[in-house]
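**Q** Can you look at this prediction? I've put the sequence above it.
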Amino acid sequence: DDTADDDDTADDDDTADDDDTADDDDSSQGCDGDEAQGPDHCPPDPGEYCGNGVVDLLWGEFCDDGNLQDGDGCDASCQPEPIGSNCGDGIQQADELCDDNNLLGGDNCNPTCNLENRSTVLVGLAGQQGLVDGTSSTARLGGGGALLVINDFLYYGDSENHSVRRVHIPSATVTTVAGDGTAGYADHPLGSQSRFGSINGLASDGATLWVSDRHNGRLRSIDLGPCSESHCFSVSTVAGSGAGQHQDSYGASAGFDQLGGIAWQPGQILAVDEGSSTLRSVDLQSLQVSTIAGLPYQPGDIDGEGTSARLNGPHSLSLLADGSLLISDRGNRLLRRWDPALGRLETVLGTGDTCYADGAASAAQLPSPAGMTSDGTSIYWAEEEQHTIRQARLDSPEASTLVGQPCPACTDVNCTSCTTCPGSHALGSGQWAQLDRPADLAFHGPSNSLLVLDAGNFIILRIR
């Protein structure tokens, strides 16, 4: 009953709109009215839905704040606008939440003046692990996994509980939609009777949720459409043999080695393959799996095009409004950017050193970059082993620590090799808050919130 009720909410909030859009986009009629084979991928017309308060991904929207005004972070065509251009002058502008006359992180105002860096618990209870649905502190979470926002829902791939959970953000209500809590591999038209291994990434077009099932070596999908007695959050396998080896092929003949973060683009899923140090693509029509950056099992740190580039254990990724990808190249301790138009991979932030330092792109040190998200102006990422959340503007990357404090040995001027230290739990602002192994992040535009999976504390935080 709870699942059905939640699904009705999803229909009202986002799924129905996205399904209608998908019908228009994927019909057998071409953009010019002629018969066409497969999806058209017609140029999006954001004006069709823009301003209704629902982010319609299939129509090319990146944001939708319920109006057609410019100058508020989401423009009249539902694309992100740069914010914080006057941040740090001590005068609070219309697009600023705060302005403390500096561009520092770790205080009560972030470097783009859109967050006060205040942390509160959205769901879960610190120190209490479990698989319990409920509201706010009555819910129990497993810890690690992946996050993804779809309008007013936060989807949580609960890796430790081998399930996919859904949080209604306004009410802080958690519902399990797929997975029975037991490790395994099983597709089923009723999501509650399916099984997953470990979940390391989520992606969606608003109508389907794709799941990176790392332990099972497969890309899975969950239907977000309306429920019936026989179908409700139906789980299917898209690609992957489960053999745990890198193999470019089709559908079940393809192979992944430690599938990591994933992202949706029209017609395809992009994925990092941590074990083989590559960036992969999955064509959603033909199910062809291809390697688009890096050479399998040849880790390295080389900028370049296609297989001439090298990565080293890429962990997570974030899709930007211009269609490019940011990748947390964890083995190299860098943030990399993949340009789909050029097929080129380049380094945007980090020195590759093992210590921890904020600063300009060429000086910043990133010892353990993990999950990432973007609000259109900045990239935010978790430093999992250093228990912090960091930020860098996309137009002029410079790393700042927003929340938490890194391990003291890693910031010492004499640091030569960064060591981990225990995490902790404390709510507060900026550097006064404490986290324990933050794993992933997601940005919720309507509430201007950064949602953080604080894995070691078994909670999801909200940073505003």
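**A** Everything's here; your move.
**Q** quick one: the helices in the stretch 301-450 of the chain?
**A** With helices called from DSSP state H, counting those that start in this stretch, the stretch 301-450 of the chain shows them at 408-411.
**Q** Strands of that one, start to end?
**A** 304-305, 314-319, 325-329, 334-339, 344-349, 359-360, 369-374, 378-383, 388-393, 398-403, 438-444, 449-454 (DSSP state E, counting those that start in this stretch).
**Q** Any idea which of those strands gets closest to residue 255?
**A** Closest to residue 255 of those is strand 314-319 (C-beta to C-beta; 16.8 Å). The C-beta positions use only the backbone N, C-alpha and C, and glycine is treated the same way.
**Q** The closest one vs strand 325-329, what angle?
**A** Strand 314-319 runs at 160 degrees relative to strand 325-329, counting by axes from the mean of the first three to the mean of the last three C-alpha atoms, to 10 degrees.
**Q** Neighbouring strands of strand 314-319 in the sheet, and parallel or not?
**A** In the sheet, strand 314-319 lines up against strand 325-329 (antiparallel) (DSSP bridges).
**Q** Just the residues contacting the strand it pairs with, thanks.
**A** Outside strand 325-329, the residues that touch it by C-beta atoms under 8 Å, 6 or more residues apart in numbering are 261, 263, 270, 272, 279, 301, 311-320, 335-338, 340, 345, 348, 369-372, 374, 379, 381.
**Q** neighbours around the residue lying closest to residue 220 once chain neighbours are set aside, how many?
**A** Closest residue to residue 220 apart from its sequence neighbours, by C-beta to C-beta, 6 or more residues apart in numbering: residue 211 at 4.3 Å. Neighbour count of residue 211, defined by other C-beta atoms under 10 Å: 31.
**Q** Repeat that for the one 10 residues further on.
**A** Residue neighbour count, defined by other C-beta under 10 Å, stands at 20 for residue 221.
**Q** That one pairs with what?
**A** Beta-bridge partners of residue 221, counted by DSSP bridges, are residue 210, residue 236.
**Q** Residue ranges of each domain in the chain, please.
**A** Here the domain parsing of the chain from automatic domain parsing is 2-45, 119-463.
**Q** picking that back up, can you tell me which of the contacts of strand 325-329 are buried?
**A** 261, 263, 270, 272, 279, 301, 311-320, 335-338, 345, 348, 369-372, 374, 379, 381 (16 or more other C-beta atoms under 10 Å).
**Q** The domains of the chain: lowest mean pLDDT?
**A** Across the domains of the chain, domain 2-45 has the smallest mean pLDDT, namely a mean of 41.
**Q** Need the residues that contact the helix or strand residue 167 falls within.
**A** Element membership for residue 167, per DSSP states H and E: strand 163-168. Residues outside strand 163-168 that contact it (C-beta under 8 Å, 6+ apart): 6, 9, 122-123, 131, 133, 141-142, 152-158, 173-181, 191, 196, 199, 202, 209, 211, 222, 233, 460.
**Q** Which of those fall within strands?
**A** Among those, the members falling in strands (DSSP state E) are 122-123, 153-158, 173-178, 199, 202, 209, 211, 222, 460.
**Q** quick revisit: which of the strands of the stretch 301-450 of the chain sits closest to residue 117?
**A** With distances scored as C-beta to C-beta, the stretch of the strands of the stretch 301-450 of the chain nearest to residue 117 is strand 398-403 (5.3 Å).
**Q** Okay, now the sheet partners of the closest one, with direction.
**A** Using DSSP bridges, the strands paired with strand 398-403 are strand 359-360 (antiparallel), strand 388-393 (antiparallel).
**Q** Could you count how many residues lie near residue 236?
**A** The local packing of residue 236 (other C-beta under 10 Å) involves 14 other residues.
**Q** if we can go back for a sec, most packed of the domains of the chain?
**A** When these are scored by mean count of other C-beta atoms under 10 Å, the highest mean neighbour count falls to domain 119-463 (a mean of 21).
**Q** From the chain's centroid, how far away is it?
**A** Put simply, domain 119-463 sits 5 Å off its chain's centre (C-alpha atoms, centre = their mean, to the nearest Å).
**Q** hang on, the earlier thing: could I get the domains of the chain as a markdown table with distance to residue 109?
**A** Below are the domains of the chain laid out as a markdown table (distance: least, C-beta to C-beta, whole Å):
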| stretch | distance to residue 109 |
| --- | --- |
| domain 2-45 | 31 |
| domain 119-463 | 9 |
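**Q** With respect to residue 69, which of these lies nearest?
**A** Between residue 69 and those, the shortest gap by C-beta to C-beta is with domain 119-463, which sits at 14.2 Å.
**Q** show me what contacts residue 255?
**A** Under the criterion of C-beta under 8 Å, 6+ apart, the neighbours of residue 255 are 217, 240-241, 243-247, 249.
**Q** repeat that for 10 Å
**A** 217-218, 239-249, 273, 276, 289, 296 (C-beta atoms under 10 Å, 6 or more residues apart in numbering).
**Q** Would you mind confirming that residue 334 is in contact with residue 350?
**A** Yes. Using C-beta atoms under 10 Å, residue 334 makes contact with residue 350 at a distance of 3.9 Å.
**Q** what touches both of the two?
**A** With C-beta under 10 Å, 6+ apart as the test, residue 334 and residue 350 both reach 301, 328, 364, 366, 369.
**Q** Skip the chain neighbours and tell me the closest residue to the third one.
**A** Ranked by C-beta to C-beta, 6+ apart and with sequence neighbours excluded, the top spatial neighbour of residue 364 is residue 399, at 3.7 Å.
**Q** Check the last one too.
**A** Of all residues not flanking residue 369 in the chain, residue 328 sits nearest, at 3.9 Å (C-beta to C-beta, 6+ apart).
**Q** in the sheet, who's paired with the one you found?
**A** Beta-bridge pairing for residue 328 (DSSP bridges): residue 316, residue 335.
**Q** please renumber so the chain begins at 172
**A** Let's use 172 as the start, then, which means that last one is residue 499.
**Q** so how far is residue 458 from it?
**A** Distance, residue 499 to residue 458, by C-beta to C-beta, to the nearest Å: 27 Å.
**Q** same question, residue 545
**A** Applying C-beta to C-beta to residue 545 and residue 458 gives a distance of 28 Å.
**Q** and if you look at residue 319?
**A** Going from residue 319 to residue 458 by C-beta to C-beta gives 22 Å.
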